[in-house]
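**Q** Here's a sequence, model it:
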Amino acid sequence: MGANPPDRFDLVVSGTGLTESLVAAAAARQGCSVLHVDPNHYYGSQNATVALTELLDLLGLRESGTSVPDEPETDGRPREGANTLPELADCTETAVSQAPRPARSGEVYQAPGAEALDDVCRGVQVDLWFQPLYCSGPTLEALVASGAHHYVEFRLVESTRVLDSAASVLRRLPASRGAVFRDTTLGPADKRALMRLLRRFTDTVRSEHDPLSVPQALRSSPFGEKGAGGALQGVPAAPAAASETADARSGSGCGATAQGRPLLAYLESEGLRPAMSDMITYGICGASWKQGREVPGEAPGATDPQRCQLTEADAGAMMGRWAASLGQLGSGDSPYMATIYGSGELPQALCRASAVAGSTYMLRQGVASVFHEPGTDSIRGVRLQGGQVVACKAFVGNWDTVGQLLDCTAWAETSRAVAVLDGPVIAGEDAATIILPPGSPGTVAGASVRMTQIGPALRVTPGGRCVLYLQCAATDPRRSARQDLLGALKTVATLDEDGGGAAVGDAAVRGLERRPRCLMAVFFKLRQPLGPRCGPGPGGARPSNAVITGGPGLNVALWSEAEEALGVMRALASTLPSLATHALFPTQEGRARPDDDLESGDQDLDALTRALGDLGEPQPSSGM
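**A** From the prediction side, this is the model:
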């Protein structure tokens with residue numbers, strides 16, 4: 001932004017991650033004046049989509065990086081008159097620095113004799129933290145209610161497969177009652193047991209949302225008997241998600257809210273063989289760690305959210321989400337959808353909707369310091385990296401943009417990899433998920449590995465190539481991300497590690513007869529704070545008008561981010577009463593805001609242009 005923004009706002013938001021962007025858009029819609037800043041040159045923070053070469057630069061893995069540096073838009077010296085706001089004269093200024101990069105321990109594999117690294121990376125866009133989106137649920141509803149869906153396109157993740165290592169076959173998760181009985185890899189007993197379980201859970205799901213806001217397609221279970229419409233009333237409240245429990249976000253550990261029998265014991269009592277149990281546990285519920293028969297909260301590693309022992313209640317919540325999301329975007333066998341041009345389009349779309357509502361945006365301009373009010377330690381203003389001082393009534397900051405404000409004692413770490421392949425793992429599908437349960441070839445310790453292939457149809461890679469995301473829990477600090485995930489990569493792709501052209505990886509899995517060649521892969525670890533809080537100010541008190549957010553969660557797909565954003569708004573309601581709302585984007589008579597709430601395309605574009613001023617319309621992240 002060439003000119004300085006106004007120097008007084010109701011709310012200052014630092015970081016343009018998904019949660020922060022939801023908060024900014026919702027606050028602007030409620031009539032608050034919002035300044036939204038980010039020290040990066042792109043939207044999304046940890047939810048961003050960047051060029052693969054930029055990921056290498058962020059990890060320090062390229063000899064000569066060419067990406068745009070994250071620098072403030074000025075020379076860093078305070079502007080004249082920057083310290084003249086009278087309401088901040090008695091405040092204590094506290095310096096704020098960016099936290100250490102959440103990504104670390106990076107390593108690169110490149111196929112011997114392949115193209116130069118920059119040539120392999122050319123035209124490839126990758127997510128810093130890949131997560132698909134459930135085809136229903138609070139976050140999707142918020143995207144629609146905010147109007148952000150006008151700026152983003154989706155494509156169905158066409159299937160989810162779980163490896164049955166005993167039979168050396170990838171089993172496709174069923175999307176309906178008919179799909180179960182058409183599956184030739186299942187025996188009659190398995191089909192009956194699986195159908196009984198799926199129907200039991202999906203037929204008892206009840207929505208806590210207003211049924212008028214739930215799409216009609218959600219009101220019949222895909223696993224119910226013919227004519228049994230109305231069994232599934234909507235999306236579940238999900239008291240405890242499997243891969244992202246409420247405790248994982250609060251940092252209080254797993255099992256604190258868990259109820260019922262251990263999931264494994266329950267599935268065994270239902271007559272499911274181990275392979276069928278794996279489909280439920282790791283495919284649908286998204287468990288990231290080997291499940292046992294221990295009572296939740298008493299198992300080894302029970303305080304680690306990635307090593308949770310799931311319960312029958314967890315399974316019900318996650319299976320409800322899964323079933324509620326099936327059939328909402330095409331006829332595929334998956335409840336997930338991916339964003340064309342990358343997941344970074346989601347926060348960027350929310351920023352556009354927020355700008356239409358009047359928010360002011362500044363990239364490459366982070367928060368350098370905050371002003372604490374004497375006595376209460378409330379944050380009454382910020383100094384930007386360019387030197388300008390801005391007064392505010394409330395403050396929200398992503399943890400990695402305001403590291404010195406973060407108060408957190410518990411962390412979760414994941415091992416991740418992004419591979420560029422010369423073709424898809426699952427032929428004929430542009431987006432598909434593969435899960436290796438614990439103990440499968442290529443896995444380590446007790447962790448499961450989750451992989452998603454993204455092809456050219458999603459506009460993030462050139463034709464003929466495919467991006468493969470891999471992730472697993474990183475519970476051993478002595479192991480690198482490469483050590484955690486290289487075996488899994490070899491299970492689905494060939495690697496010429498020796499330089500002599502011999503393909504490494506000999507797993508004979510039915511359905512993977514022609515494994516693509518891995519041209520390059522980057523391995524790294526990402527860490528996230530659990531239950532982040534705003535630390536005490538100079539006087540020892542915690543600011544009541546400030547919230548620190550934790551970035552992407554540990555869930556397998558986006559679902560509850562809107563609920564987290566709503567929690568942020570409620571926490572600030574005592575300072576900004578207009579944020580005391582029952583929903584991020586209030587609806588009328590239980591129905592989402594109509595599309596014509598933005599009036600017309602021309603008026604929408606004019607409003608967006610005026611709001612952004614000379615900053616210019618944000619470009620799709622694929623062009624970064």
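**Q** Break this protein down into its domains, please.
**A** 8-101+343-408+531-623, 177-208+235-322 (automatic domain parsing).
**Q** Let me see the ranges of the strands in the stretch 151-300 of the chain.
**A** Assigned by DSSP state E, counting those that start in this stretch, the strands in the stretch 151-300 of the chain fall at 154-156, 159-164, 169-172.
**Q** contact partners of the first one?
**A** The one in question is strand 154-156. Contact with strand 154-156 is made by 133, 135, 329-330, 332, 334, 336-340, 430-431, 457-458, as judged by CB atoms under 8 Å, 6 or more residues apart in numbering. Backbone N, C-alpha and C define where each C-beta goes, glycine included.
**Q** Give me the buried entries from those.
**A** The neighbour-count test (16 or more other CB atoms under 10 Å) applied to the contacts of strand 154-156 identifies 133, 135, 329, 332, 334, 336-340, 430-431, 458 as buried.
**Q** could those be laid out in JSON lines, adding distance to residue 517, pLDDT and secondary structure?
**A** Formatted as JSON lines, these follow (distance: CB to CB, whole Å; pLDDT from 0 to 100; DSSP: H, G, I helix; E, B strand; the rest coil):
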{"residue": "133", "distance to residue 517": "30", "pLDDT": "96", "secondary structure": "strand"}
{"residue": "135", "distance to residue 517": "32", "pLDDT": "93", "secondary structure": "coil"}
{"residue": "329", "distance to residue 517": "31", "pLDDT": "76", "secondary structure": "coil"}
{"residue": "332", "distance to residue 517": "27", "pLDDT": "67", "secondary structure": "coil"}
{"residue": "334", "distance to residue 517": "26", "pLDDT": "85", "secondary structure": "coil"}
{"residue": "336", "distance to residue 517": "26", "pLDDT": "95", "secondary structure": "strand"}
{"residue": "337", "distance to residue 517": "28", "pLDDT": "95", "secondary structure": "strand"}
{"residue": "338", "distance to residue 517": "23", "pLDDT": "96", "secondary structure": "strand"}
{"residue": "339", "distance to residue 517": "27", "pLDDT": "97", "secondary structure": "strand"}
{"residue": "340", "distance to residue 517": "26", "pLDDT": "97", "secondary structure": "coil"}
{"residue": "430", "distance to residue 517": "19", "pLDDT": "93", "secondary structure": "coil"}
{"residue": "431", "distance to residue 517": "20", "pLDDT": "96", "secondary structure": "strand"}
{"residue": "458", "distance to residue 517": "21", "pLDDT": "97", "secondary structure": "helix"}
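**Q** got those as TSV, with distance to residue 54 columns?
**A** What follows is the buried ones among the contacts of strand 154-156, written out as TSV (distance: CB to CB, whole Å):
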residue	distance to residue 54
133	23
135	30
329	30
332	31
334	29
336	26
337	25
338	20
339	18
340	19
430	23
431	23
458	18
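**Q** Could you export the domains of the chain as TSV, including mean neighbour count?
**A** TSV is the format used below for the domains of the chain (neighbours: other CB atoms under 10 Å):
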stretch	mean neighbour count
domain 8-101+343-408+531-623	20
domain 177-208+235-322	20
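**Q** Which one of the ones you listed lies nearest to residue 171?
**A** Checking the domains of the chain against residue 171 by CB to CB gives domain 177-208+235-322 as the closest, at 5.9 Å.
**Q** Now do the SS call for the nearest residue to residue 125 once chain neighbours are set aside.
**A** Closest residue to residue 125 apart from its sequence neighbours, by CB to CB, 6 or more residues apart in numbering: residue 460 at 4.3 Å. Using DSSP: H, G, I helix; E, B strand; the rest coil, the secondary structure recorded for residue 460 is coil.
**Q** didn't residue 460 look like it was pressed against residue 49?
**A** Yes. Between residue 460 and residue 49 there is a contact under CB atoms under 8 Å: 7.4 Å.
**Q** Out of the contacts of strand 154-156, which is nearest to residue 376?
**A** The closest of those, once distances to residue 376 are taken by CB to CB, is residue 133, at 39.1 Å.
**Q** just checking, the closest one touches residue 141?
**A** No. Residue 133 is beyond contact range of residue 141, at 11.5 Å (criterion: CB under 8 Å).
**Q** Helices of the protein, residue ranges please.
**A** 18-29, 52-58, 117-121, 138-146, 177-182, 188-202, 246-250, 263-269, 274-278, 312-325, 345-356, 481-492, 561-571, 601-612 (DSSP state H).
**Q** With mean pLDDT added, can I get the ones you listed in CSV?
**A** Shown next, in CSV, are those (pLDDT from 0 to 100):
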stretch, mean pLDDT
helix 18-29, 97
helix 52-58, 93
helix 117-121, 90
helix 138-146, 94
helix 177-182, 79
helix 188-202, 81
helix 246-250, 34
helix 263-269, 90
helix 274-278, 92
helix 312-325, 87
helix 345-356, 98
helix 481-492, 96
helix 561-571, 95
helix 601-612, 51
